[in-house]
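Colleague: here you go, sequence then predicted model.
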Amino acid sequence: MGNGKYALGLVSVSFRQHTPEDILQAVKAAGLSCVEWGSDVHAPCRDMERLREIAVRQKEHGISCSSYGTYFRLGETPIKELENYIQAAKILGTNILRLWCGVKSGKDMTNEERNALLEACKKAAEIAKSSEMTLCMECHRETFTENPDDAVWLMRAVNSPHFRMYWQPFQWQNLEENMKNAAKVANYAEHIHVFNWRGKEKFPLAEAVEEWRDYLEQFSTPRTLLLEFMPKGTLEELACEAAALRMVIGESV
């Protein structure tokens, strides 16, 4: 693992059934420092009152906003709507937005579709630059950036410090495959979503501490590590998952 300090946090969509206040209290109690707020339930981009309330409450709890987890799909969501998400991110106090890149894998796209998506990404990067924000693509299935080679191609083609990546392991691949994928996108990754999944099954992170230490060795410097979804989906598990995350980075618990 690289030298420096990791920021440890939670993806709020892990607990869609709970309020932002519930989540902030649990995050603080678990010793985490930040939250990625989801735009679907907890922090809708047009609900200014909710956004401002979250901003106030996270400051009171001493928690920061690591990022704004949107469901904006490049190439599908009208580009003019990006500004609404950027404004929401600013209210929450972050300059990083998570986006989804397209609606299908690169292997299923024609050259025309690939070029159209690239143009949409370039436009989005210019908007982000003018707002001093950074857009990060998720390594999500059925998006263009599900494949690390396509993701790297896109990063190089857009060629902007305002257009970056997240990284997360694919639960359908083994450790060796995920290690190779992490190494490929490491130079472009801002944040990392952390979990311990095997296919459709979710397991405690404590059972994958060594595996995650191997993953983090692929990154030259510390990233923000965000827990995503609990093994049983309960808020009560967060403290144990956070303790396991601290074990991964070598902090005492």
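Modeller: Cool, got the structure. Numbers count the residues shown, from 1 in each chain.
Colleague: do you know the pLDDT at K90?
Modeller: On the pLDDT scale, K90 is placed at 98.
Colleague: which residues touch S67?
Modeller: Contacts here follow C-beta atoms under 8 Å, 6 or more residues apart in numbering; on that basis S67 touches E36, W37, A89, T94, I96, L97, R98, C136, E190, H191, T224, L226. To be clear about C-beta, it is placed using only N, CA and C from the backbone, and glycine gets the same treatment.
Colleague: which of these fall in helices?
Modeller: A89 (DSSP state H).
Colleague: reformat the contacts of S67 as a markdown table; add neighbour count.
Modeller: Shown next, in a markdown table, are the contacts of S67 (neighbours: other C-beta atoms under 10 Å):
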| residue | neighbour count |
| --- | --- |
| E36 | 29 |
| W37 | 30 |
| A89 | 26 |
| T94 | 20 |
| I96 | 21 |
| L97 | 26 |
| R98 | 28 |
| C136 | 24 |
| E190 | 17 |
| H191 | 26 |
| T224 | 21 |
| L226 | 28 |
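Colleague: show me which residues of stretch 194-205 are buried.
Modeller: By neighbour count on 16 or more other C-beta atoms under 10 Å, the buried set for stretch 194-205 is V194, F195, N196, W197, K202, L205.
Colleague: so which pair among those is furthest apart in space?
Modeller: V194 and K202 (12.2 Å; C-beta to C-beta).
Colleague: and of the buried residues of stretch 194-205, the nearest to A243?
Modeller: For the buried residues of stretch 194-205, the residue nearest A243 by C-beta to C-beta is L205; the value is 8.8 Å.
Colleague: please enumerate the strands of the stretch 1-150 of the chain.
Modeller: Along the stretch 1-150 of the chain, the stretches classed as strands by DSSP state E, counting those that start in this stretch are 7-11, 34-38, 64-74, 96-101, 134-137.
Colleague: Serialize the buried residues of stretch 194-205 to a markdown table and add fields for pLDDT, secondary structure and distance to E21.
Modeller: Shown next, in a markdown table, are the buried residues of stretch 194-205 (pLDDT from 0 to 100; DSSP: H, G, I helix; E, B strand; the rest coil; distance: C-beta to C-beta, whole Å):
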| residue | pLDDT | secondary structure | distance to E21 |
| --- | --- | --- | --- |
| V194 | 98 | strand | 24 |
| F195 | 97 | coil | 24 |
| N196 | 97 | coil | 28 |
| W197 | 95 | strand | 28 |
| K202 | 96 | strand | 25 |
| L205 | 98 | helix | 25 |
